[in-house]
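Peer 1: Give me coordinates for this.
(4 chains)
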There are 2 protein chains.
Amino acid sequence: MVSKNNAVTIQDVAREARVSVSTVSRVLNEKVDVASETRDHVLSVIDRLGYSSSLAARSMRSLRKNMLGLVVPDIGFPYSIEVMKGINRAIAESPFDLLVFTTGDIKKTGTASHEQHYVSLLNNSLTDGVIIVASAANNFQTNAPIVAVDPHHVDPEYPSVQGKNYAGATSVMEYLIGLGHSRIGFIGGRPEIWSAVRREQGFRDALNAAGIPADETLILPGDFTTETGRVRALDLLNRDDPPTAIFAANDQSALGVYQAAEELGRRVPEDLSLVGYDNIYEARFLGLTTVDQNLSEMGYAATEMLIKLVNREPVDVKTYKIPTRLIVRDSCRRPQRSE
Amino acid sequence: MVSKNNAVTIQDVAREARVSVSTVSRVLNEKVDVASETRDHVLSVIDRLGYSSSLAARSMRSLRKNMLGLVVPDIGFPYSIEVMKGINRAIAESPFDLLVFTTGDIKKTGTASHEQHYVSLLNNSLTDGVIIVASAANNFQTNAPIVAVDPHHVDPEYPSVQGKNYAGATSVMEYLIGLGHSRIGFIGGRPEIWSAVRREQGFRDALNAAGIPADETLILPGDFTTETGRVRALDLLNRDDPPTAIFAANDQSALGVYQAAEELGRRVPEDLSLVGYDNIYEARFLGLTTVDQNLSEMGYAATEMLIKLVNREPVDVKTYKIPTRLIVRDSCRRPQRSE
DNA sequence: TTGAAAGCGCTAACAG
DNA sequence: CTGTTAGCGCTTTCAA
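Peer 2: Next comes the predicted model:
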C-alpha cells in the first residue's frame, strides 16, 4: 500500500558531507574523537537535509535506548491519568523518553495476554524497561526489567509499587466510626483484584475492632465502576433502614453513590456520609472524603525504581509500599438519625 | 550499562525448529504458502521458546507497520484525554496499533522543535503516520502522512481537524444575551492560538450584532489555565459593577472562575452565570454550560483521516471542520440585578 | 581522526 | 512449499 519510504538516511548525509557513515554516526552520538570542523560540517548537512535518525534502526543496534515503555489499560481512565502524572514527572527529571502503549478498552477480554504482547513488543526492541499499570498478569516473560504499579495480585513475581489498602480502609472506618456511624454500607471492588480484597478486609476488621457486628446485607459486591456504584447505592438507600454512611471501594463507585443519592433526593453529607478511595480529580472536585493512596506518587516511585533496575543499581525492596492518607473533605457528618 | 540482550530471536526459533528463518517469518506473518504441519511445529517452538518478534527489526524491514503514532502535549491534561478517547475508539475499529509519545509538561519550552523531534522519531521508523494534537508548528518535515487535531495555527500546511470556534462562541453569546445579560465578561485563551482568537472574535461580533457596545474592561486576556481563570475572575468579580455573566474561553479557565466565585461567596448560577468551552469531564460534572466542540469526535475523525492517507485513499478536504454544539446545563440564569 | 566492514533481527525477492 | 540471499539504517569494532 505504502510507497517507498524516501526518508533521508545516514547514508545520504554521509554522501552529501563527503565523509563515511561512521563519522556521521560519531557526530550523532557526540563521540569526542571527531575533528570539530568535520563535526560542524556534518551537523550543517544534517540540518540542511533535515535528517533525523530512525528509532527502529537505532534501537536495533544499540543496547541502551534511553527509552522507557509504559503499558496502561485505558488511557482515558481517571485512575490511569493519576498514575501517568507521576510517571511523566519522573521522566521529565530523567534522561529517558517515554513510549506509551494503551491496551484500549479496560473491559476488553484477554487482558493478560494483551499485556504480555505489549511488554514483549516494547521490551525486545524499543525500550530499556517497562512499567505496567494495574497488571492482571502474575508474571511476564521478559528480558529487560519491568516494574508494576498496583498489580492485581498480591505478590507478583516482578517488582512492584503498591498502596497500603488495608491501612487505608481502616483509617476510613475509624474516621466514620469516630463520627458516630455504626450502620455503614460497603460497596466493594472486583474480587479478583487484591486491593479490593484488602479494602474489604480493612472494612470488616475495623468494624470488628469497634465492637460493631458486621451487617452482611450492607456489604455489597461491586466492580470499581460508577454505574455499579450507583446501582448498589440505590439498593442500599431504598431500604427501610438505609445506612447512615457508605464507604465505596474507590472513587469511581463513590461517584455512582453520589448520583444515586441525588436521584433519590438525598443529600451528601446531610443525609448520607460518603467516603471513596483514590483521590482522583473528580473526588477532589466533588469534595469527597477519600483515601489518597497517591497514585501519582506510585507512578513516580515505579519510574525511579525502573530506572535503577535499568542502570543495574540495587533496589531496596521488590515490593515498594506507598503510604496512604485519609483526606477529609465535606462529604461526611455525624449521623442524624438516632439508632 | 545494560548487559547483552538475551532475547530469543527468529534465528533461535529457526534452529530449534530445524527450518529456515524465512519459514518462521512466513508463519509469523500468516502467509498461506506454508505446510500446515510445518506451521504447527514452528508455532509450538515459538510458544515453547517464548519468542516474540522485535518491533524495531520488523519496522525496519517492512514498509507497512500497522502502527499509528500519536504526539500529545501533556497526557494528563483533560483536553488531551478527551481527544484520546476518540482516537482510541477509532484505533479499536482498525487494524492499527497506537504508540503514544508525550512531550511531557505542556509549559515546557521549545514545543515546536520537540514536536518535530517526535514526529521524526515515529515517522521515520515505527509508524505509518502520526496524529499530532494541539500542534504549535506550522509544518512538519516528514515523509509519512500526518494529521493534526486542533492545531494552533489557522491554515497549517498539513491536513487537520478543527472545531468551529467562531460559531461556538457566537452560540454562547446568543444564549447569554437571550437570557438578558448585557454585562458579560470574557476571559480569553492564549493569543497565539488561533482558536482563542476566533472565540474572542465570536464574542465581540455577537455583542455587536445585538447592539451591545463591548466594554473593553470586561475583556481580559487568559491562557486556558484554571489558575489564570481564577485570577481574572477575581478581578472581574471584585469590581463595583461586576459582570452578570462570564464566558471563559475554555472549561479549564471556567473552572477557575468557579473557584473565584466560591472564594468570594458568590454562587453560580444565582449570582453569576458562567459558560465554558470544550465539554471536558469536569465541566459536565460541575453542571457547566459549555460548548461541545466534540474533542473526542475530532480525535476519531483525525484517526479515520490518517488511516485513509496511509492507505493512499483520497480524502475530501485538507481541513476538516467538526460542528460545535452548545450544551446547556445549570450554570446560567437570567441576570438578577437590573441594569 | 577517519573509513571499511560486520552484523543487529527481520522481511522479501528469487530460486528451486 | 521451502531455503538462500540481500539488504533495511544504524552502531561498533578494527585498521589505517
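Peer 1: Distance check, residue A:219 against DNA strand D.
Peer 2: Using CB to the nearest atom of the strand, to the nearest Å, residue A:219 is found at 58 Å from DNA strand D. In this view, the C-beta of every residue, glycine as well, is placed from N, C-alpha and C.
Peer 1: show me what contacts the residue lying closest to that residue once chain neighbours are set aside?
Peer 2: Counting by CB to CB, 6 or more residues apart in numbering or on different chains, residue A:219 lies nearest to residue A:186, which is 4.7 Å off, once chain neighbours are set aside. Contacts for residue A:186 (CB atoms under 8 Å, 6 or more residues apart in numbering or on different chains) come out as A:200, A:203, A:218, A:219, A:220, A:246, A:247, A:248, A:249.
Peer 1: you'd agree the first one is up against residue A:170?
Peer 2: No - contact status for residue A:200 versus residue A:170: not in contact, 11.4 Å apart, counting by CB atoms under 8 Å.
Peer 1: what's the average pLDDT for stretch A:247-256?
Peer 2: What stretch A:247-256 shows for mean pLDDT is 96.
Peer 1: does any bit of that stretch sit next to chain B?
Peer 2: No - counting by CB under 8 Å from any CB of the partner chain, chain B has no neighbours in stretch A:247-256; the shortest distance is 8.6 Å.
Peer 1: Kindly check the end-to-end length of that stretch for me.
Peer 2: End-to-end distance of stretch A:247-256 (CA to CA, to the nearest Å): 12 Å.
Peer 1: what separates it from the chain centre, distance-wise?
Peer 2: Relative to its parent chain, stretch A:247-256 has a centroid offset of 17 Å by CA atoms, centre = their mean, to the nearest Å.
Peer 1: which ones are touching residue A:167?
Peer 2: Counting by CB under 8 Å, 6+ apart, residue A:167 touches A:202, A:323, A:324.
Peer 1: Any regions of the stretch 51-200 of chain A where pLDDT drops low?
Peer 2: Across the stretch 51-200 of chain A, the ranges flagged by pLDDT under 70 are A:76, A:103-113.
Peer 1: residues in it within reach of DNA strand D, list them.
Peer 2: In this structure, the stretch 51-200 of chain A approaches DNA strand D at residues A:53, A:54, A:57, A:58, A:60, A:61, A:62, A:63, judged by CB under 7 Å from any atom of the strand.
Peer 1: The third one - that's part of a helix, no?
Peer 2: Yes - using DSSP: H, G, I helix; E, B strand; the rest coil, the secondary structure at residue A:57 is a helix.
Peer 1: That one reaches residue B:126, doesn't it?
Peer 2: No - Residue A:57 is not in contact with residue B:126 according to CB under 8 Å; the separation is 10.6 Å.
Peer 1: Which one of these two is surrounded by more residues?
Peer 2: Neighbour totals were compared for residue A:57 and residue B:126, and residue B:126 leads with 26 against 17 (other CB atoms under 10 Å in any protein chain shown).
Peer 1: The more buried one - nearest residue in space that isn't next to it in sequence?
Peer 2: residue B:59 (5.1 Å).
Peer 1: Look at residue A:3 and report its pLDDT.
Peer 2: Residue A:3 carries a pLDDT value of 31.
Peer 1: and what of the one 4 residues further on?
Peer 2: Reading off the confidence values, residue A:7 has pLDDT 78.
Peer 1: Residue B:65 versus that one, what's the distance?
Peer 2: 13 Å (CB to CB, to the nearest Å).
Peer 1: So for the two, which residue has more residues nearby?
Peer 2: Neighbour totals were compared for residue A:7 and residue B:65, and residue B:65 leads with 24 against 19 (other CB under 10 Å).
Peer 1: Not counting residues beside it along the chain, what's closest to residue A:99?
Peer 2: Excluding the flanking residues, the one nearest residue A:99 by CB to CB, 6+ apart is residue A:69, at 5.2 Å.
Peer 1: Adjacent strands (with direction) for the helix or strand harbouring that neighbour?
Peer 2: Assessed by DSSP states H and E, residue A:69 sits inside strand A:67-72. In the sheet, strand A:67-72 lines up against strand A:97-102 (parallel), strand A:129-133 (parallel) (DSSP bridges).
Peer 1: what residues does that strand touch?
Peer 2: Strand A:67-72 has contacts (CB under 8 Å, 6+ apart) with A:59, A:80, A:83-84, A:87, A:91, A:96-103, A:115, A:118-119, A:122-123, A:126-135, A:303, A:306-307, A:310.
Peer 1: where exactly do the helices run in the stretch 101-250 of chain A?
Peer 2: Under the criterion DSSP state H, counting those that start in this stretch, helices of the stretch 101-250 of chain A are mapped to A:111-121, A:165-179, A:194-209, A:226-237.
Peer 1: got the buried residues for the shortest one?
Peer 2: By neighbour count, with 16 or more other CB atoms under 10 Å in any protein chain shown as the criterion, the buried positions of helix A:111-121 are A:111, A:114, A:115, A:116, A:117, A:118, A:119, A:120, A:121.
Peer 1: Distance from the chain centre to it, please.
Peer 2: Counting by CA atoms, centre = their mean, helix A:111-121 is centred 16 Å from the centre of its parent chain.
Peer 1: so which strand or helix has residue A:19?
Peer 2: Residue A:19 belongs to no helix or strand when assigned by DSSP H and E.
Peer 1: And for it, the neighbour number?
Peer 2: Residues lying near residue A:19 (other CB under 10 Å) number 18.
Peer 1: right, and it touches residue A:38 too?
Peer 2: Yes - counting by CB under 8 Å, residue A:19 does reach residue A:38; the two are 6.6 Å apart.
Peer 1: Right, I'll leave it there.
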